[in-house]
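[1] Structure for the following, please:
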Amino acid sequence: MKSNLENKRKLKVVWLCHFANEEMKAYFKVKHINEFAPWISLSLQLFEGVDDVELHVVSPNVYTNTDAYLEKNGIHYHFYAPSPSIFNNRLFRRIYSFLNMAALGEFNWIKRKVSRTIRNIHPDIVHLHGAENAYQYSSGILPLIDEYPILTTIQGFIRNSIDNDRITKVRKAIEAKIIKNSQHFAIRKSDEMKAITEEMHPGADLYYHNYPVGKPRRTKENIGAFEPIDFIFFARVCKEKGIEDLLIAFSEVKKSIPNANLTVVGGVSDNYQDHLIKICKSCGILDSVKFEGFLPTQNDIYNLAYKAKVCVLPTYHDILPGTVLESMFLKLPVIAYGVGGLPHLNEANITIELVEVRNTKVLANRMEELYNDSAYRLELAERAYTHVNLTFDNNIVVRDIISAYRKVLAHKIF
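    Model prediction:
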């Protein structure tokens, strides 16, 4: 019998992922959902014009918690309810969440919903985008590992998380199980990502592809001129992203630059923001730090970042943070901890300033140096802009992903 590829019909691909964007919020007529995973939305846009792939997206319906199907621009979207309908009762949802019942069941609801949906599609290959998000989708791949060829793109590792609550423990266990029992993995250029994947699964087959990067509509032309924001942080606001280190470093900067200011952009829980405010008060910097919260769109973030002198992201662990790459495209100078794939950005030339993890004293020194030297900020920004445009070309993302599919299918034993 001839294979699907020999018959020259479209390759039927399932993406198992999660995302939220303005387009889907409008479709489901909701406003209270924050955007997340923009790289998935950007990837979907790139695949809209691909003729030789029939793409089915299986994703949790974070908008209305119902099952839904739609076809848009040639892509089939299969949304499933990530929680039983009784979760629509706010009181029950709070009790269920408080007791961590989903984690106790190792997300069996997700496993059933996802496996049933994908079996009905019966794809040639399943592309799992991230093994770390067991609570919404990745756990659903476990019943299917022996049924379909699977490519798992590593987005990051929950195992690196400093959190150790019950849900995080279960997420770590499921991530490890997925990686141990799968064979094919896509990674980006990162020694850390490669080393961890091979440590968790010796003999794994590795492929390479980048995710597309959001590009601002304009680049900074105001370096050294009117930049009312001195330092900006835009990412998920949590300890792992280094926000507490940044506040401590900023308090040191204030000793030599009394008028310096910091803007923090990103979603944050009320409890954690209260904790950060206490840190600001104890460091005497509360009047100089502005918490903008979550901004609705990437363009809103870019417009604010355009007004800043320096982006600071002292994340404890990451691969290639979108915050850094987007800043490079914006011509916004970056200071970050030298983790994950970030040192690769400086292989040929210094494009971002890197600091040893948790070294808040050196972090503060770098912040002061960039603040005081607009000529160097301009030089650094130009080098970063040149490098990121040469290295992160969204036009080759589709080519690399489809190439990985065909290599995985060449090993097909099902």
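[2] Let me see the contact set for the nearest residue to Ile33 once chain neighbours are set aside.
    Excluding the flanking residues, the one nearest Ile33 by Cβ to Cβ, 6 or more residues apart in numbering is Ala20, at 5.2 Å. To be clear about C-beta, it is placed using only N, CA and C from the backbone, and glycine gets the same treatment. Residues near Ala20 by Cβ atoms under 8 Å, 6 or more residues apart in numbering: Ile33, Asn34, Glu35, Phe36, Ala37, Val62, Tyr63.
[3] can you pull the buried residues of stretch 299-314?
    Neighbour counts over stretch 299-314 (16 or more other Cβ atoms under 10 Å) mark 301-302, 304-314 as buried.
[4] pLDDT weak spots in the stretch 101-250 of the chain?
    Counting by pLDDT under 70, the stretch 101-250 of the chain contains low-confidence ranges at 101-106.
[5] Strands along that one, start to end?
    125-129, 150-153, 184-187, 205-208, 229-234 (DSSP state E, counting those that start in this stretch).
[6] Got phi/psi on the residue nearest to Ile33?
    Ala20 adopts backbone torsions of phi -150, psi 130, taken as degrees, to the nearest 10.
[7] Now, the contacts of Ala20 that are in helices?
    Taking DSSP state H, every one of the contacts of Ala20 sits outside helices.
[8] which one of these is nearest Ser403?
    Ranked by distance to Ser403 (Cβ to Cβ), those are led by Ala37 at 22.8 Å.
[9] can you give me phi and psi for the nearest residue to that closest one once chain neighbours are set aside?
    Distance criterion Cβ to Cβ, 6+ apart; nearest residue to Ala37, sequence neighbours excluded, is Phe19 at 4.1 Å. Phe19 has phi and psi values of phi -170, psi 160 when expressed as degrees, to the nearest 10.
[10] model confidence over the helix ranked longest in the chain, on average?
    Ranked by number of residues, the top helix in the chain under DSSP H is helix 374-391. Taken as a whole, helix 374-391 carries a mean pLDDT of 95.
[11] which helices and strands sit right next to the next helix or strand after it?
    Downstream of helix 374-391, the next assigned helix or strand under DSSP states H and E is helix 397-410. Counting contacts by 3 or more Cβ pairs under 8 Å, 6 or more residues apart in numbering; DSSP states H and E, helix 397-410 is packed against strand 11-16, helix 38-47, strand 125-129, strand 150-153, strand 184-187, strand 205-208.
[12] Make JSON lines out of those and add mean neighbour count.
    Below are these laid out as JSON lines (neighbours: other Cβ atoms under 10 Å):
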{"stretch": "strand 11-16", "mean neighbour count": "22"}
{"stretch": "helix 38-47", "mean neighbour count": "19"}
{"stretch": "strand 125-129", "mean neighbour count": "25"}
{"stretch": "strand 150-153", "mean neighbour count": "24"}
{"stretch": "strand 184-187", "mean neighbour count": "24"}
{"stretch": "strand 205-208", "mean neighbour count": "15"}
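[13] For Ser269, which of the ones you listed is the nearest?
    helix 38-47 (20.9 Å).
[14] coming back round to it: can I get the helices and strands packed on helix 397-410 in TSV with distance to Pro333?
    Formatted as TSV, these follow (distance: least, Cβ to Cβ, whole Å):
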stretch	distance to Pro333
strand 11-16	35
helix 38-47	22
strand 125-129	30
strand 150-153	30
strand 184-187	28
strand 205-208	28
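[15] one step back: mind listing which of the contacts of Ala20 are in strands?
    The strands in this structure, assigned by DSSP state E, contain none of those.
[16] Most widely separated two among the residues you listed?
    Applying Cβ to Cβ across these, the maximum distance is between Ala37 and Tyr63, 13.9 Å.
[17] Quick one: closest of the helices and strands packed on helix 397-410 to Asn395.
    helix 38-47 (8.3 Å).
[18] For that closest one, give me every contacting residue.
    15, 17-19, 21, 23, 53, 55, 57, 75, 129, 211-214, 298, 322, 394, 397-398, 401.
[19] Check stretch 113-130 too.
    Residues external to stretch 113-130 that are found in contact with it (Cβ under 8 Å, 6+ apart): 4, 11-17, 40, 56, 58, 76, 78, 80-82, 137-141, 143-144, 147-156, 178, 401, 405, 408-409.
[20] For ChimeraX, what selects the buried ones among those?
    Buried members of those, defined by 16+ other Cβ under 10 Å, are picked up in ChimeraX with:
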select :11,12,13,14,15,16,17,40,56,58,76,78,80,81,82,137,138,139,140,141,143,144,148,149,150,151,152,153,154,155,156,178,401,405,408,409
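[21] From the chain's centroid, how far away is the longest strand along the chain?
    Taking DSSP E as the criterion, the chain has its longest strand at strand 53-60. Between the centre of strand 53-60 and the centre of its chain there are 19 Å (Cα atoms, centre = their mean, to the nearest Å).
[22] Neighbouring strands - and their directions - for it?
    Strand pairing for strand 53-60, using DSSP bridges, gives strand 11-16 (parallel), strand 75-80 (parallel).
[23] Check the offset of the first one from the chain's centre.
    It refers to strand 11-16. Distance, centroid of strand 11-16 to centroid of chain: 20 Å (Cα atoms, centre = their mean).
[24] by how many degrees do that strand and helix 397-410 diverge?
    100 degrees (axes from the mean of the first three to the mean of the last three Cα atoms, to 10 degrees).
[25] neighbouring contacts of strand 11-16?
    Residues outside strand 11-16 that contact it (Cβ under 8 Å, 6+ apart): 4-5, 40, 52-59, 114, 118, 121-129, 137-138, 140-141, 402, 405.
[26] so after it, what's the next helix or strand?
    helix 22-28.
[27] That concludes my questions; thank you for your assistance.
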